[in-house]
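1. Quick one, what's the 3D model for this:
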Amino acid sequence: MAVAPLNKFITIAVPVAPGEQTVYTAPTGASSIVLYASVSNVGIGTTYPTVTFTHRRKSTASKTAGNTRDTRVIKNGEIPPQDSLVIVDGRLVLERSALKQDSIVIRGVQSGITTITNVEYTNTTGVATITTYNAHGFNVDDEVTLSNIVFDCAGYSASITTSIFPEPQRSFTVDSIVDNVGTSKTFTIDAGKVSGIPHTYVPAQHQFVSAVTNSVTVVSGSASGPFTPTDATYDGATGILTLTIPGHSLTNGNTISIADYGITFSCSMDNYLTNHPYPRPTDPASTNTSDLNNGVLAISNVTTNTFQVNVGVSPSGGNVGPLQMELVMSILENSIS
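-> Alright, predicted model coming up:
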């Protein structure tokens, strides 16, 4: 019978990508000690990125499962050009038991971040063609980091562990760009082959958080209103917002408006870290713009408790930026089983 080693030293070396990423979780049957952790500024030119390094404890107890407590070891630590920031030089203990699970989470803030609007991935060659909202500014052979790109791998859910790319985090080299540096919004990378599993890019995913009381007003129709949604889903590819309002009594063709900042979502663009209220005054669905009939929205696909409105498409999903930071951690895992 194989016996697990009592002690095991491991090294974790990953780029710090835009947004938040979990870089290590204490494994089952072991306690872990972070002996050393540092982040280096490897950016080209004069850059001053910052990093937040967090000890996250997640409850796994039956009555409090999912609750988290974050303890920041350092917050927004600035790293000068061609320098490094030593975060841990001693001992930081991580635990895992039937009641708790400890992780290390980092969050980087840097210059040059651009929003991704499309990714075309060929699983037989590994080539990914990435389109950005603004000019990306990359040259061929530049190193870049990507974060929080969502793919639909329909029919292959049993073969993959996550739909979020890249996982685990790594850096990529720009192989080619379309048009000229400074104006190009498209570039290619070798993302690695996953033969036989097609990947379809999906705009950023949104999770309903809350709605402001009486944020939905009836503009035309027999229902009185105003209403407070109890749930909402948004499809960025089609622009369709599905609102749940139990017993609303609206019918197809009636119209409504949504108060600015009336519905709050979290988003995969930042790994669901922060809340974002919509519509913003500049969004097509706002009553302050003329894009969608001055925010007067016709409803469709009515059910007893739900209906749909078109609030405008949003193809954005994921971020890309030049490689500026790299994390190195040394960890000792002690077997307790």
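2. Give the next helix or strand downstream of the helix or strand bottoming out on mean pLDDT in the chain.
-> Lowest mean confidence among the helices and strands of the chain (mean pLDDT, DSSP states H and E): strand 164-165, at a mean of 80. Downstream of strand 164-165, the next assigned helix or strand under DSSP states H and E is strand 171-178.
3. And that following strand, what does it pack against?
-> If contacts are counted by 3 or more CB pairs under 8 Å, 6 or more residues apart in numbering; DSSP states H and E, strand 171-178 sits against strand 143-147, strand 186-190. In this view, the C-beta of every residue, glycine as well, is placed from N, C-alpha and C.
4. about what we covered before: for the least confident helix or strand of the chain, the distance to its chain's centre please.
-> Centroid separation for strand 164-165 versus its chain: 9 Å, with CA atoms, centre = their mean, to the nearest Å.
5. Likewise for stretch 296-310?
-> That offset, for stretch 296-310, works out to 28 Å (CA atoms, centre = their mean).
6. Repeat that for stretch 303-311.
-> Centre to centre, stretch against its chain (CA atoms, centre = their mean), the figure for stretch 303-311 is 26 Å.
7. Then stretch 109-127?
-> Computed by CA atoms, centre = their mean, the chain-centroid distance of stretch 109-127 equals 13 Å.
8. Equivalent analysis for stretch 137-152, please.
-> With CA atoms, centre = their mean, you get 14 Å for stretch 137-152.
9. Report the contact partners of Asp70.
-> By CB atoms under 8 Å, 6 or more residues apart in numbering, the contact set of Asp70 is 54-57, 105.
10. 6 Å - rerun?
-> By CB atoms under 6 Å, 6 or more residues apart in numbering, the contact set of Asp70 is 54, 56.
11. In what element of secondary structure is it found?
-> Using DSSP H and E, Asp70 sits within strand 68-78.
12. Quick check: mean pLDDT of that strand?
-> The average pLDDT within strand 68-78 is 95.
13. quick one: buried residues of it?
-> By neighbour count with 16 or more other CB atoms under 10 Å, strand 68-78 contains the buried residues 73-74, 77.
14. Tell me which stretches of the stretch 101-250 of the chain form strands.
-> Ranges of strands within the stretch 101-250 of the chain are 114-121, 127-132, 143-147, 149-152, 164-165, 171-178, 186-190, 200-202, 206-211, 216-220, 231-235, 240-244, based on DSSP state E, counting those that start in this stretch.
15. Could you spell out the sheet neighbours of the fifth one, each with its direction?
-> Looking at strand 164-165 with DSSP bridges, its paired strands and their directions are strand 149-152 (antiparallel).
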